[in-house]
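# everything below, folded, please.
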Amino acid sequence: MKTISTEIRKVRNNSGEITFTFERKNIKNINLRVRHNGSVYVSAPKSVCEEDVDAFVLSKFDYIRNALDNFSNNDIPKTELQYVSGENVTFLGKNMRINVVKDNREYVNCDGVYVYIHVKRTDYYNRKKNLLNKWLDEQSDIIFSEIMQKVHSKFGAYNISLPELKIRNMASRWGSCQPYKSIITLNKRLIEAPKNCIEYVLYHEFCHFVHPNHSKQFYELLQVMLPNWQIVKISLENTLINKPYI
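Model prediction:
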């Protein structure tokens, strides 16, 4: 989305001050992102005045401060994983610890707190990396498929056939769809997000099967199908570093 203008703004209330980057874009709604590095970004359409933007940020003051506090206390690895015990891996919105286990069998399992990488050689970096990535891919196939079937069932009135699901790395989107080919593609990194965020992306894509654009009718349908979609969208955008968009 092309940026029309950018400026740094500040808002203040009795609890303190928030500095944010404000961008005008060719969009329909005001969007807010709080990033792990402590920066706050707000984008809005040309028709929205600065006073309304400031009021919007002030209305989200407690949410922004809580997000910034959580990020500052969150032990998320900032460098590439080394696949050693004690590192974090994010799975369905939870930061879980890696535990490398020396074992004659090689596999990965999870108990909700730890992700166990069972491997014959605990110092074999590539093997640990491949085992974990394979497990994450398998979990993505299972979980994304289950959620897609659940969301698809809500669109029964529109006679949409269950699409083919594809999962791949995507640099700039959480998901995309090709209604004429009956295909939905999801970003592999969504496995790091909570399930309700994955649901939101799928609701978004299924709405495109009815309205293949971001028209008023599209957002009206999305609001009917998922009334809290804007809250979940912000949650998704605040979950991951180097976030795509939708």
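# let me see the domain layout of the chain.
The chain breaks down by automatic domain parsing into domains covering 3-73, 88-133, 139-237.
# can you redo those as JSON lines with mean neighbour count, distance to L81 and mean pLDDT?
Quick note: C-beta positions are derived from backbone N, CA and C, even for glycine. Output for these, formatted as JSON lines (neighbours: other CB atoms under 10 Å; distance: least, CB to CB, whole Å; pLDDT from 0 to 100):
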{"stretch": "domain 3-73", "mean neighbour count": "14", "distance to L81": "16", "mean pLDDT": "84"}
{"stretch": "domain 88-133", "mean neighbour count": "15", "distance to L81": "7", "mean pLDDT": "95"}
{"stretch": "domain 139-237", "mean neighbour count": "17", "distance to L81": "13", "mean pLDDT": "94"}
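# and those as CSV, adding distance to Q82?
Output for these, formatted as CSV (distance: least, CB to CB, whole Å):
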stretch, distance to Q82
domain 3-73, 20
domain 88-133, 7
domain 139-237, 18
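# now do the SS call for Y219.
At Y219 the chain is in helix, as set by DSSP: H, G, I helix; E, B strand; the rest coil.
# would you map the helices across the protein?
50-59, 61-73, 125-153, 195-210, 216-225, 229-237 (DSSP state H).
# out of those, which is closest to R12?
Nearest of those to R12, taken as CB to CB: helix 50-59 at 8.5 Å.
# among the helices of the chain, which is nearest E164?
Nearest to E164, of all those, is helix 125-153, at 10.0 Å by CB to CB.
# who does that closest one touch, helix- and strand-wise?
Other elements packing on helix 125-153 under the criterion 3 or more CB pairs under 8 Å, 6 or more residues apart in numbering; DSSP states H and E are strand 88-91, strand 107-110, strand 114-119, strand 164-168, strand 183-187, helix 195-210.
# want to throw these into a markdown table with distance to Q223?
A markdown table is the format used below for the helices and strands packed on helix 125-153 (distance: least, CB to CB, whole Å):
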| stretch | distance to Q223 |
| --- | --- |
| strand 88-91 | 29 |
| strand 107-110 | 35 |
| strand 114-119 | 37 |
| strand 164-168 | 25 |
| strand 183-187 | 20 |
| helix 195-210 | 10 |
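# for Y41, find the nearest of these.
helix 195-210 (18.3 Å).
# angle of that closest one against strand 183-187?
Per axes from the mean of the first three to the mean of the last three CA atoms, to 10 degrees, the angle that helix 195-210 makes with strand 183-187 is 150 degrees.
# residues making contact with helix 195-210?
Residues from elsewhere that reach helix 195-210 (CB atoms under 8 Å, 6 or more residues apart in numbering): 92-93, 143-144, 147-148, 150-152, 154-155, 158, 160, 163, 174-177, 179, 184, 186, 190, 218, 221-222, 225-226, 229, 232-233, 235-236, 239, 246.
# distance of the nearest residue to E237 once chain neighbours are set aside relative to C49?
Distances taken as CB to CB, 6 or more residues apart in numbering put R33 closest to E237, at 4.9 Å, once the chain neighbours are dropped. R33 is 21 Å from C49, where distance means CB to CB, to the nearest Å.
# now swap in N66 and tell me
From N66 across to C49, the span is 27 Å (CB to CB).
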